[in-house]
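Colleague: Pasting the sequence and the predicted model now:
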Amino acid sequence: MKPGGISGACDRLLRGIRWYLSEISGTADYERYCRRYADEHPGEPVPTRRAYERHRSAHREEHPQSRCC
């Protein structure tokens, strides 16, 4: 058996599942927002997840996009 064979495959599978869940739950969006906010506004506290979601919802309402689904 190769070193890290089954164990490595399980690790990759779990990382993939974790990535997928963070993408569909919006966690990844918030993490990207935090990194960008910290770069653009050094020294300021990063808004909470709740504040981010409020801002995101308000932006979606003010700038609607037509979608098929």
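Modeller: Now that the structure is in, tell me what you want to look at.

Colleague: For the most centrally placed residue in the chain, give me the pLDDT.
Modeller: Nearest residue to the geometric centre of the chain (Cα atoms, centre = their mean): A28, 0.8 Å. According to the prediction, A28 has pLDDT 90.

Colleague: what sits against H55?
Modeller: P47 (Cβ atoms under 8 Å, 6 or more residues apart in numbering). All C-beta spots, glycine's among them, are computed from the backbone N, C-alpha and C.

Colleague: how many neighbours does I17 have?
Modeller: By other Cβ atoms under 10 Å, 10 other residues sit near I17.

Colleague: Tell me how far it lies from E44.
Modeller: According to Cβ to Cβ, to the nearest Å, I17 stands 34 Å off from E44.

Colleague: Repeat that for R50.
Modeller: Using Cβ to Cβ, R50 is found at 17 Å from E44.

Colleague: Repeat that for A51.
Modeller: Distance from A51 to E44, by Cβ to Cβ: 12 Å.

Colleague: S22 too?
Modeller: Here S22 is placed at a distance of 25 Å from E44 (Cβ to Cβ).

Colleague: Quick one: the strands in this protein, in order.
Modeller: Taking DSSP state E, the chain contains no strands at all.

Colleague: what about Y33, neighbour count?
Modeller: Residues near Y33, counting by other Cβ under 10 Å: 17.

Colleague: Excluding sequence neighbours, find me the nearest residue to it.
Modeller: In this structure, Y33 finds its nearest non-sequential neighbour in Y52, 5.8 Å apart by Cβ to Cβ, 6 or more residues apart in numbering.
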